[in-house]
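A.B. asks: 3D, please:
(4 chains)
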Protein chains: 2
Amino acid sequence: MFSSMTQVHDTKQRLLDTAQKLFYARSYEDVGVQEICQEAGVKKGSFYHFFPSKRDLTLAILDESWKRYRETMLAQVFARDIPPLKRIERLLDSQYRHHKAVKDETGQVLGCPYGNLAGEMSTQDEVIRERLKRIFRDLEAPIEQVLEEAMAAGELAELDSRATAGAMVAYLEGLTLMAKTWNDPEVVRTLGPAMLKLAVPVTRG
Amino acid sequence: MFSSMTQVHDTKQRLLDTAQKLFYARSYEDVGVQEICQEAGVKKGSFYHFFPSKRDLTLAILDESWKRYRETMLAQVFARDIPPLKRIERLLDSQYRHHKAVKDETGQVLGCPYGNLAGEMSTQDEVIRERLKRIFRDLEAPIEQVLEEAMAAGELAELDSRATAGAMVAYLEGLTLMAKTWNDPEVVRTLGPAMLKLAVPVTRG
DNA sequence: AACATAGTTGACCGGTCGGTCAATGTCAAG
DNA sequence: CTTGACATTGACCGACCGGTCAACTATGTT
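C.D. replies: Numbers count the residues shown, from 1 in each chain, chains lettered A, B, ... in the order given. Okay, the predicted model is just below:
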């Protein structure tokens, strides 16, 4: 009775969770609707009752997972309990610990779910690409704010905080992709701290 | 007679070129052997005469395309006709011009063929992943050398040239992925120069 | 002319792809 | 007890997947 009550109405959620996991571990194209349904214990007909297409399922995953990440991880990482620049270090540390945990569990570094999808799907689906673009822009915002705060606190020389935040997101994505290619979370730990160098004015000659 | 002579023996090459283009424009999983053959004007049976599998075709593409890029583009970009750090700028410029040209031609920024494949396939094929890892390491080498030269010439403060080269490759890949997600080559031009900041010792208040 | 080798062709394999559909089941409100 | 909305099921669709194979042709060597 209890189990049926909880099982009956979370079919949609189970599909979202299962697909998210499979897409992350492999890729969008490699994972079929059939496999998602099998893994989630749902018949294919039900899938198309909840989602008009595989593409729409993906968009739903993007919205939901990013909302969750923003409201939990990001909120914690960028909390104002430590100095601004320390929060960047905390972001890097949370990334390292995530990839370490995933590798310990699955034997593989899976990279960034958004970066992975961006590389695979940006040329194939404009709607997905725009969604990913918005996600990356969302990530720039708190970083930009951290830089502003650091400048106000005199911890940082004057610089273009918007552009620097953009560069930092790019670096973070590249870093993650390298960790995936090396299949080694330590890449994040050794190369990560260099991200702070991006917040330093160029000194040439 | 002439045309047949040149057509008869470049079947393999046509498959390589066509597949390379298609994989780059879309993705590994999205492009089928059938489509490659159609586009190349080759029957599927011939495909499997030259390549034991789609996977092996991909490995051949990786080897060939990277060899060509290294021996032409990279050799020019890192030629010793200008000061070391200027060569980094020249690398960024060549990247910008490439993505600009591709976008003008296809309407899309396609990103880095190796980065794309790394994101899609690193968790699925160890051999491909190792090959991509080697490619990225190959790219680090000339950058590392540039940094060494710059240090010797007093253009740069002392730093870990190996680690910095690694960070620069990561940044370049992230940059390229962002340009793809934004579908805008200008991302490379505006965010690119920040790569040089990675070659500056951390200065913290 | 005979022979081996490389290259080409098209039919064929089992399996999976994303997606559709009509029939059926479940359940709560009227 | 009926109605209607939501949910579930399994059969089905045409197309395509990566890959195999035996027969055939073209080429260069002896």
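A.B. asks: Can you tell me the element the residue lying closest to A:F47 once chain neighbours are set aside falls in?
C.D. replies: Once its chain neighbours are removed from consideration, A:F47 has its nearest residue in A:C37; the separation is 5.4 Å (CB to CB, 6 or more residues apart in numbering or on different chains). All C-beta atoms are positioned from the backbone trio N, CA, C, and that covers glycine. Using DSSP states H and E, A:C37 maps to helix A:33-40.
A.B. asks: Find the closest residue to chain B in chain A.
C.D. replies: Of all residues in chain A, the one sitting closest to chain B is A:G174 (2.6 Å; CB to the nearest CB).
A.B. asks: tell me the contacts of that residue?
C.D. replies: Neighbour list for A:G174: B:V169, B:A170, B:Y171, B:L172, B:E173, B:G174, B:L175, B:L177 [criterion: CB atoms under 8 Å, 6 or more residues apart in numbering or on different chains].
A.B. asks: These also near DNA strand C: which ones?
C.D. replies: Counting by CB under 7 Å from any atom of the strand, the subset of the contacts of A:G174 that neighbours DNA strand C is empty.
A.B. asks: After the lowest-mean-pLDDT helix or strand in chain A, which helix or strand is next?
C.D. replies: When the helices and strands of chain A are compared on mean pLDDT, DSSP states H and E, helix A:2-8 comes out lowest with a mean of 40. Stepping forward along the backbone from helix A:2-8, the first helix or strand reached (DSSP H and E) is helix A:11-25.
A.B. asks: Spell out which parts of chain A neighbour DNA strand C.
C.D. replies: Where chain A comes near DNA strand C, counting by CB under 7 Å from any atom of the strand, the residues are A:4, A:8, A:31-35, A:44-45, A:48, A:52-55.
A.B. asks: from the contacts of A:G174, which is closest to A:T190?
C.D. replies: Distance to A:T190, by CB to CB, is smallest for B:A170 among the contacts of A:G174, at 10.7 Å.
A.B. asks: Contact partners for the spatially closest residue to A:T123 that is not a sequence neighbour?
C.D. replies: Nearest non-adjacent residue to A:T123, counting by CB to CB, 6+ apart: B:Q108, 5.1 Å away. Taking CB under 8 Å, 6+ apart as the definition of contact, the neighbours of B:Q108 are A:T123, B:A25, B:V102, B:N183.
A.B. asks: Kindly report the same for A:R90.
C.D. replies: When the contact criterion is CB under 8 Å, 6+ apart, the partners of A:R90 are A:V77, A:I82.
A.B. asks: For the residue of chain A found nearest DNA strand D, the count of nearby residues, please.
C.D. replies: Here chain A gets closest to DNA strand D at one residue, A:G45, 2.0 Å apart by CB to the nearest atom of the strand. Close neighbours of A:G45, defined as other CB atoms under 10 Å in any protein chain shown, add up to 8.
A.B. asks: What strand or helix carries it?
C.D. replies: Under the criterion of DSSP H and E, A:G45 resides in helix A:44-50.
A.B. asks: list the helices and strands the next helix or strand after that helix packs on?
C.D. replies: Beyond helix A:44-50 on the C-terminal side, the first helix or strand identified by DSSP H and E is helix A:54-69. Packing partners of helix A:54-69 (3 or more CB pairs under 8 Å, 6 or more residues apart in numbering or on different chains; DSSP states H and E): helix A:11-25, helix A:113-121, helix A:126-152.
A.B. asks: again, only this time at 10 Å
C.D. replies: Helix A:54-69 makes packing contacts with helix A:11-25, helix A:33-40, helix A:44-50, helix A:113-121, helix A:126-152 when contacts are defined by 3 or more CB pairs under 10 Å, 6 or more residues apart in numbering or on different chains; DSSP states H and E.
A.B. asks: Please point out which parts of that helix sit buried.
C.D. replies: Neighbour counts over helix A:54-69 (16 or more other CB atoms under 10 Å in any protein chain shown) mark A:K54, A:L57, A:T58, A:A60, A:I61, A:L62, A:S65, A:W66, A:Y69 as buried.
A.B. asks: what do you get for stretch A:124-136?
C.D. replies: Along stretch A:124-136, these residues count as buried under the neighbour rule (16+ other CB under 10 Å): A:Q124, A:D125, A:I128, A:R129, A:R131, A:L132, A:K133, A:I135, A:F136.
A.B. asks: Grab the nearest non-local neighbour of the third one.
C.D. replies: Excluding the flanking residues, the one nearest A:I128 by CB to CB, 6+ apart is A:M121, at 4.9 Å.
A.B. asks: just checking, the one you found touches A:E130?
C.D. replies: No - counting by CB atoms under 10 Å, no contact exists between A:M121 and A:E130, whose distance comes to 11.1 Å.
A.B. asks: Next, show the common contact partners of those two.
C.D. replies: B:T181 (CB atoms under 10 Å, 6 or more residues apart in numbering or on different chains).
A.B. asks: I'd like the distance between A:G115 and A:A170.
C.D. replies: 10 Å (CB to CB, to the nearest Å).
A.B. asks: more crowded one of those two?
C.D. replies: Each of A:G115 and A:A170 had its neighbours counted (other CB under 10 Å), and the higher figure belongs to A:A170 (30 against 26).
A.B. asks: just how off-centre is the helix or strand in which that one is found within its chain?
C.D. replies: Remark: A:A170 resides in helix A:161-182, with elements defined by DSSP H and E. Distance, stretch centre to chain centre, for helix A:161-182: 12 Å (CA atoms, centre = their mean, to the nearest Å).
A.B. asks: Give me the mean pLDDT for it.
C.D. replies: For helix A:161-182, mean pLDDT is 98.
A.B. asks: Summarise which helices and strands the next helix or strand after that helix is packed against.
C.D. replies: Proceeding N to C from helix A:161-182, the next assigned helix or strand is helix A:186-191, under DSSP H and E. Using 3+ CB pairs under 10 Å, 6+ apart as the contact criterion, the elements in contact with helix A:186-191 are helix A:84-106, helix A:161-182, helix B:161-182.
A.B. asks: I'd like the contacts of A:G174 as CSV, with distance to A:E144 appended.
C.D. replies: Compiled in CSV, the contacts of A:G174 are given as follows (distance: CB to CB, whole Å):
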residue, distance to A:E144
B:V169, 25
B:A170, 21
B:Y171, 18
B:L172, 22
B:E173, 22
B:G174, 17
B:L175, 18
B:L177, 19
